[in-house]
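Q: Task: produce atomic coordinates for the following.
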Amino acid sequence: MIEAAPLAPPAPMPAVPWGGVPGQRDVWPSPAQELLLRAALIPDERALEAWRQVRSQIDIDELDGATQALLPALRKNLLALGVQDELLGLFKGVHRYGWARTQMLLAPMIPIVQALERAAIPTLLLKGAAFVADTRLDAGMRPMNDIDVLVPTARAPAAIDVLLEMGLVPVGEVPAWYVTDYAPRFVPSHGFRDGLDRQLDLHWHVLHASCQAEADEDFWAAAEQIELLGVRTRALCPADELLLVILHGLRWNAIPTYRWVLDAALLCAGAIGPVDYERLVEQARKRRVTVTLRAGLDYLRAVAAAPVPQQCIRALGSLRPRLLERAEFRAQTTQPRQRSALQWEIVYHQQYLRRELPLKRRPTLLRHLQLARRRLGIERVGDLRDVFSGGPPGPSRPASEMAAAVGRGLGATSRRPIALGEPLDFGQGELERAYTAYGTWRAEAEGCWIAGRQARLVLPLAEPVSGSLVLELSADGFLAPGRSRQRLGVSVNGRAVTELEIDHSANLRGEPVILPRRAVAARDRLDLVLDTPDAASPAQLGLDDDDRRVGVFLRRLLVRAPSVYEIGSTLALGGGSESERMLFGDWGDAEPLGRWTVGPVARLLMRLDGSIPPLQLEFAAIPFLGPSGRALQAEVLLNGRLLKTLSYDAANAGTSVTRVPLPAELVGDHGDILLEWRIRDPRSPHSLGVSADRRALGLFLRRVALVERSPAS
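A: So this is what the prediction gives:
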């Protein structure tokens, strides 16, 4: 992959977590991890047997965070069963450290909860913070990395304002507007941190699997009053908390954790109150997550001996979940880079369904088809080809579990007009937000990725243009292993302009693209469409778990007028002259005396100021014929019209000067001069056995000039 791009090559996989299985592709704990869970959670001789089997594998210095979170519960259970082991003293230190760390997290974050309440924004604590409230559970028994706070969905923007006022900023250098406007499309929460990296995870929904507008009404209605560090707030009832813990735990996480088993076992044991299992089943049925809940409860019964009533299991078994829900569960518990294309479409469809379909409505086959058609933008049969290629263009495309594409639509009115020659750097999130109509991921590092197959930028101009323009584009390719090139198509105001290519040899740096007069003249804005037909996600390519389909990485663009040419002056096509800004297309590098045309077409664009007299083109060129003296033909065009056909052979293989009159009607009054040299069948020195140079050479142009034509000529 291009090293300059921020989507870096995949780092070596992290060390396998303690007890983990190399190459594990699902969310379930490994056999060794299960033994540790049994030793920590079963209050009888089965725990002792599990401890005897796993004890030899325990090295306190090698335990990861997920395993260390179990140690306080493991110590408590083993002591209750009469175990004496030197490790238990070390586990006591882990318990004390976890208690102190939790206090240091809660001390600055709970006042923020209080600030939300004072702003008339109701709050509800989830997971760890709810467990340790009201002395329900010793804080050392439930270490946490952040506190999770739920606010009503409609009040999330106001809550974000409070967090910002309290000095917190979004995690991941994300701008606040992205959290407010885009994050709710794909996640139920986003993290905020203070200057010491202590974090508060702000939720506007409880569950990933239930993000409809009314999704949390039942949770709020059954919430219980709690108090933590003197601040009164709320917590989910035990049944709802158990549903959250299981559903959250049985989603793939790049950082393996099985703490959900500990939390769920504590809940089943009544650690924060009795569980209403009838409510648990009903909430799972209403949200169409019975497959996940049943799998989690079965696991708890088998591994942790959790006292889940058989009646609850029978009730779940009688609900007969649909095939799509079972397929969704398999996909969500599978490592993203291992998912099939069909599994990804199921994930995206269900993600969309769980936002768009009212909570109490069961989806019929017709409704599934209607929502799929809306999500995929399918208006006609031909649109089906876009389904597996990043989705059709549009403000809401493409789907992703990790991000939402940025775009304000074509009709946004607050875009600031840009002046010709003003650079636009896409590493600036506010700038990207202002000018993207649809189809870019949020800015990161020094630019932003095109989201999927197409991005559309709307660039208002400070004043209408009268002739051609030049777009200078800087972009990096996503050239992962096995991908040798990437295409980038450019269209402006509905007209296709060119298709660029990025390969491993170079990225685009100020690549000039001609925006022709017929597409931009008399316009007060540029509607710029960038097509990336080779878009793919790192997960799709098996690199990592990032499922965003990315095209190319946009760094910078600049729109300028063509360089002004002074009639009669000579353009020396060697380096170091203004001619560099006039050259487009297939040119070789500058050499001391000029440069080669490379490939079938080489272009030169300039602008003439003032009144334009009758003109004549003069250029000095040497053809590349090769040792056999083969004939070479070339055509010279002005503004798309053929002026002259040239033929070179051994008789005129040296430098020759060609003079071609320029018809006044082709020059026009706008002053644009687009000259093209089209070479028929250019050959490389390598193909002719001359050298190792593989460039397809045509003419070596030494100088070009436009001179005033005498009446006689």
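Q: for the biggest helix by length in the chain, what is the average pLDDT?
A: Identified as the longest helix of the chain according to DSSP state H is helix 86-118. In this model, helix 86-118 has a mean pLDDT of 94.
Q: for the stretch 251-400 of the chain, what are the low-confidence residue spans?
A: For the stretch 251-400 of the chain, the stretches with pLDDT under 70 are 256, 382-398.
Q: Would you mind listing where the stretch 101-250 of the chain has pLDDT under the threshold?
A: In the stretch 101-250 of the chain (pLDDT under 70), no residue qualifies.
Q: so Ala496, which of the three states?
A: strand (DSSP: H, G, I helix; E, B strand; the rest coil).
Q: so what's the closest residue to it other than its chain neighbours up against?
A: Distances taken as C-beta to C-beta, 6 or more residues apart in numbering place Gly489 nearest to Ala496, at 6.9 Å, with adjacent residues excluded. Any C-beta I mention is one placed from the backbone N, CA and C, and that applies to glycine too. Applying C-beta atoms under 8 Å, 6 or more residues apart in numbering to Gly489 gives the contacts 496, 498-500, 529-533.
Q: Which of those residues ranks first by neighbour count?
A: Ranked by the number of neighbours (other C-beta atoms under 10 Å), these place Thr532 first, at 27 neighbours.
Q: Count residues in the vicinity of the nearest residue to that one once chain neighbours are set aside, would you?
A: Nearest non-adjacent residue to Thr532, counting by C-beta to C-beta, 6+ apart: Gly551, 2.7 Å away. When counting by other C-beta under 10 Å, one arrives at 29 neighbours for Gly551.
Q: Does Gly551 touch Ala535 like I think?
A: Yes. With contact defined as C-beta atoms under 8 Å, Gly551 reaches Ala535; the gap is 4.3 Å.
Q: In the stretch 201-350 of the chain, what residue spans correspond to strands?
A: Under the criterion DSSP state E, counting those that start in this stretch, the stretch 201-350 of the chain carries strands at the ranges 224-228, 231-235.
Q: Quick one: closest of those to Ser466.
A: strand 231-235 (63.8 Å; C-beta to C-beta).
Q: buried residues in the closest one?
A: For strand 231-235, the neighbour count (16 or more other C-beta atoms under 10 Å) marks 231, 233-235 as buried.
Q: so it versus strand 224-228, what angle?
A: 140 degrees (axes from the mean of the first three to the mean of the last three C-alpha atoms, to 10 degrees).
Q: which residues are contacting strand 231-235?
A: Here strand 231-235 has contacts from 110-111, 113-114, 117, 122-126, 130, 133, 220, 223-227, 241, 272, using C-beta under 8 Å, 6+ apart.
Q: cutoff 10 Å now
A: Residues external to strand 231-235 that are found in contact with it (C-beta atoms under 10 Å, 6 or more residues apart in numbering): 106, 110-117, 122-127, 129-131, 133-134, 136, 149-150, 219-220, 222-228, 241, 272-273.
Q: correct me, but Gly249 touches Leu267?
A: No. With contact defined as C-beta atoms under 10 Å, Gly249 does not reach Leu267; the gap is 11.7 Å.
Q: more crowded one of these two?
A: Leu267 (24 against 20).
Q: residues in contact with that one?
A: 131, 238-239, 241-246, 273, 275, 280, 300, 306.
Q: Make JSON lines from those and add distance to Arg408 and neighbour count to it.
A: What follows is the contacts of Leu267, written out as JSON lines (distance: C-beta to C-beta, whole Å; neighbours: other C-beta atoms under 10 Å):
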{"residue": "Phe131", "distance to Arg408": "41", "neighbour count": "24"}
{"residue": "Pro238", "distance to Arg408": "43", "neighbour count": "23"}
{"residue": "Ala239", "distance to Arg408": "42", "neighbour count": "22"}
{"residue": "Glu241", "distance to Arg408": "39", "neighbour count": "26"}
{"residue": "Leu242", "distance to Arg408": "41", "neighbour count": "29"}
{"residue": "Leu243", "distance to Arg408": "37", "neighbour count": "30"}
{"residue": "Leu244", "distance to Arg408": "34", "neighbour count": "26"}
{"residue": "Val245", "distance to Arg408": "38", "neighbour count": "25"}
{"residue": "Ile246", "distance to Arg408": "38", "neighbour count": "25"}
{"residue": "Gly273", "distance to Arg408": "47", "neighbour count": "14"}
{"residue": "Val275", "distance to Arg408": "46", "neighbour count": "23"}
{"residue": "Leu280", "distance to Arg408": "42", "neighbour count": "25"}
{"residue": "Leu300", "distance to Arg408": "46", "neighbour count": "23"}
{"residue": "Ala306", "distance to Arg408": "49", "neighbour count": "22"}
